[in-house]
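S.K.: The following block contains a protein sequence and its predicted model.
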Amino acid sequence: MIDVRDIHKSFGDAHILKGISTTFEKGKTNLIIGQSGSGKTVFLKCLLGLFEPEEGGIAYDGKLYADLSDEEKRDLRQEMGMVFQGSALFDSMTVEGNVMFPLEMFTKQSKSEMKERVDAVLKRVNLIDAHHKFPSEISGGMQKRVAIARAIVMNPKYLFCDEPNSGLDPKTAILIDDLIKEITEEYNITTVINTHDMNSVMQIGEKIIFLKDGLLEWEGTKNEIFKTDNEAVTNFVYSSDLFKKVRQMYIQEQN
Amino acid sequence: MNYLASVGSYAIMIREVFKKPTKWRIMKSLIFKEIDELIFSSLGIIIFISFFIGAVVAIQTALNLTNPLIPRNLIGFATRQSVILEFAPTFVSIIMAGKVGSYITSSIGTMRVTEQIDALEVMGVNSLNYLVFPKIIAMLFYPFAIAISMYVGIFGGWMAGVFGGFLTSEDFITGLQTDFVPFHIAYAFVKTLIFAFVIATIPSFHGFYMRGGALEVGKASTTAFVWTSVVIIILNYILTQLLLG
């Protein structure tokens, strides 16, 4: 569980996060949504420990990040997995090398143990024949799966995803969403996803927080987002005609 | 003020490079890879340029020796002094600032643009140690490349002098041995080692701290080359004054 307590973050005169408090529960897919410039990326980087908030704090399973020693912070980082928007695979390494990298870096496992673990996670993300291919030789969807495999190879407690299905076709995007949800439940990890994709919101949003101008404007579940009267949320989520119709149909159905 | 801030950031970067080392098993393979990329892959161009510059120095000297009282073996002497004192350590370093420096800036810059450096940081890896330290260690082998450059440069001078009909082989060798000061070799290698550090770190700095996209990677490579060359030229003057002045 991640407990965010009234965090503030500024860059020079720009006050980006203006006091956000929320909780991300274990075993659930937590989504952060909001318009560009709302502070989503800064918030995610604070959660990752890449930015330290000036005020407030973030507690990971009860341990406040700011109170941890440098070594404890490093250990905590090893319990985090991250899927970047562009996958961020090391292009000088093969798929197998990319997934094996955290194991080589932080464990004392033998080569055969590492290989066994890599095979298992690649199989879990449905990538069987790509071990010796380089990132440039595989599709965007496959790269995302490799990124997910690399993020979960160390059995993380926390999984962070920055726009995991951006640039993917709708079918592949759904596969990636499903995969993240399954892994979250299977590994019982706290997953936080930064997204613009409303399909993801409707499909896997067990908890959704909506940021606006550095403040938490709304939070709820995917079912609650249909009923909310919050104008900022409805304007953002139902900006397309298709989603407006879906919402109307849902409300009529409920009535 | 911006320049001062950059110098400060560079100093902080150097400190970070030596903190929290990467596992030796991984670092070892990175160092071997960098030796291959930075040193061995540059030998071809170093040999090619050294040979022809050595040859040109010999020809230019020969063509300017119009006074019959000046011995022809001066061609060998001038070639040796030019190649050992300046051409091999300094000019080859400027060429390497272009070849190796742009490779370093563009490879690290591309990693920055594609969030690969962020991925390292998130995993808890000291990205500066992982990316820059192996380059610094690999460049410790740079003096070997410069030794080859010295040898090939002098050989080029001998070829041009002897086969161009400017002097005999004996004259050239006599010139090579005239007034030889062993400290000049030490001076050349001290310069080379310092330039090696500059070639490894300044392009790394420009790649690591760049922001933007592909266009900015190109701009960072150009800026890195300019600054590496400027620093090499200034250090060359300071070191020459300190060691030979």
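M.R.: Thanks, I have it. All values derive from a computational prediction rather than experimental measurement. Residues are numbered from 1 along each chain as shown, chains lettered A, B, ... in the order given.
S.K.: Report how many residues lie close to the residue of the stretch 1-150 of chain A at minimum distance from chain B.
M.R.: Among all residues of the stretch 1-150 of chain A, residue A:77 sits closest to chain B, at 3.4 Å; criterion: Cβ to the nearest Cβ. All C-beta atoms are positioned from the backbone trio N, CA, C, and that covers glycine. Number of residues near residue A:77 (other Cβ atoms under 10 Å in any protein chain shown) recorded here: 20.
S.K.: How much space separates residue A:106 from residue A:45?
M.R.: 21 Å (Cβ to Cβ, to the nearest Å).
S.K.: Please apply the same query to residue B:244.
M.R.: 52 Å.
S.K.: How about residue A:219: what's its closest non-neighbour residue?
M.R.: residue A:209 (4.4 Å; Cβ to Cβ, 6 or more residues apart in numbering or on different chains).
S.K.: What mean pLDDT does the helix or strand containing that neighbour get?
M.R.: Element membership for residue A:209 (DSSP states H and E) is strand A:207-212. Strand A:207-212 shows a mean pLDDT of 93.
S.K.: Ok, stretch B:36-56 next?
M.R.: Stretch B:36-56 comes out at a mean pLDDT of 96.
S.K.: can I get the CA coordinates of it in PDB?
M.R.: Listed next in PDB are the C-alpha coordinates belonging to stretch B:36-56 (Å, rounded to 0.1, in the frame of the first residue of the first chain):
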ATOM      1  CA  ASP B  36      36.800  -2.000 -28.000                       C
ATOM      2  CA  GLU B  37      34.400   0.900 -28.900                       C
ATOM      3  CA  LEU B  38      36.700   3.800 -27.900                       C
ATOM      4  CA  ILE B  39      40.200   2.500 -28.400                       C
ATOM      5  CA  PHE B  40      40.400  -0.400 -30.900                       C
ATOM      6  CA  SER B  41      37.800   1.000 -33.200                       C
ATOM      7  CA  SER B  42      39.700   4.300 -33.400                       C
ATOM      8  CA  LEU B  43      43.100   2.700 -34.300                       C
ATOM      9  CA  GLY B  44      42.400   2.700 -38.000                       C
ATOM     10  CA  ILE B  45      41.800   6.400 -38.300                       C
ATOM     11  CA  ILE B  46      44.700   7.200 -35.900                       C
ATOM     12  CA  ILE B  47      47.100   5.100 -38.000                       C
ATOM     13  CA  PHE B  48      45.900   6.600 -41.300                       C
ATOM     14  CA  ILE B  49      46.100  10.200 -40.100                       C
ATOM     15  CA  SER B  50      49.400   9.700 -38.200                       C
ATOM     16  CA  PHE B  51      51.100   8.200 -41.200                       C
ATOM     17  CA  PHE B  52      50.300  11.000 -43.600                       C
ATOM     18  CA  ILE B  53      50.800  13.900 -41.200                       C
ATOM     19  CA  GLY B  54      54.300  12.400 -40.300                       C
ATOM     20  CA  ALA B  55      55.000  12.200 -44.100                       C
ATOM     21  CA  VAL B  56      53.800  15.800 -44.700                       C
END
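S.K.: Kindly indicate whether the spatially closest residue to residue A:21 that is not a sequence neighbour is helix, strand or coil.
M.R.: Excluding the flanking residues, the one nearest residue A:21 by Cβ to Cβ, 6+ apart is residue A:6, at 5.0 Å. Of the three states, residue A:6 takes strand under DSSP: H, G, I helix; E, B strand; the rest coil.
S.K.: my guess is the residue nearest to residue A:219 contacts residue A:32, does it?
M.R.: Yes. Assessed by Cβ atoms under 8 Å, residue A:209 is found in contact with residue A:32 at 5.5 Å.
S.K.: So if I had to pick from those two, which one is more boxed in?
M.R.: Using other Cβ under 10 Å, the more surrounded residue of residue A:209 and residue A:32 is residue A:32, with 28 against 23.
S.K.: what sits against the residue of the stretch 1-150 of chain A closest to chain B?
M.R.: Counting by Cβ atoms under 8 Å, 6 or more residues apart in numbering or on different chains, residue A:77 touches A:49, B:122-124.
S.K.: same check, this time on residue A:244
M.R.: Counting by Cβ under 8 Å, 6+ apart, residue A:244 has contacts residue A:238.
S.K.: Next to chain B, which bits of the stretch 1-150 of chain A? Give me the list.
M.R.: Counting by Cβ under 8 Å from any Cβ of the partner chain, the residues of the stretch 1-150 of chain A close to chain B are A:48, A:50, A:74-75, A:77-78, A:80, A:82, A:84-86, A:88-91, A:101-102, A:104-106.
S.K.: So which of the residues you listed sit within strands?
M.R.: Secondary structure from DSSP state E places A:80, A:82 of the residues of the stretch 1-150 of chain A next to chain B in strands.
S.K.: Which entries within the residues of the stretch 1-150 of chain A next to chain B meet the buried criterion?
M.R.: Applying 16 or more other Cβ atoms under 10 Å in any protein chain shown to the residues of the stretch 1-150 of chain A next to chain B, the neighbour count classes A:48, A:74, A:77-78, A:80, A:82, A:84-86, A:88-90, A:101-102, A:105-106 as buried.
S.K.: Just these: which are in helices?
M.R.: Among those, the ones falling in helices (DSSP state H) are A:74, A:77, A:101-102, A:105-106.
S.K.: can you redo those as JSON lines with pLDDT?
M.R.: Formatted as JSON lines, those follow (pLDDT from 0 to 100):
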{"residue": "A:74", "pLDDT": "83"}
{"residue": "A:77", "pLDDT": "88"}
{"residue": "A:101", "pLDDT": "95"}
{"residue": "A:102", "pLDDT": "94"}
{"residue": "A:105", "pLDDT": "92"}
{"residue": "A:106", "pLDDT": "91"}
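S.K.: Taking the residues you listed together, which two end up most distant?
M.R.: A:74 and A:101 (16.1 Å; Cβ to Cβ).
S.K.: Give me the three-state assignment for residue A:177.
M.R.: helix.
S.K.: quick revisit: buried set for the strand holding residue A:209?
M.R.: By neighbour count with 16+ other Cβ under 10 Å, strand A:207-212 contains the buried residues A:207-212.
S.K.: Centre of the chain to that strand, how far?
M.R.: 13 Å (Cα atoms, centre = their mean, to the nearest Å).
S.K.: what do you get for stretch A:62-70?
M.R.: Worked out by Cα atoms, centre = their mean, stretch A:62-70 lies 21 Å from the chain centre.
S.K.: what residue lies at the spatial centre of chain B?
M.R.: residue B:93 (2.7 Å; Cα atoms, centre = their mean).
S.K.: ok, that one - contacts?
M.R.: Counting by Cβ under 8 Å, 6+ apart, residue B:93 has contacts B:191-192, B:195-196, B:198-199, B:232.
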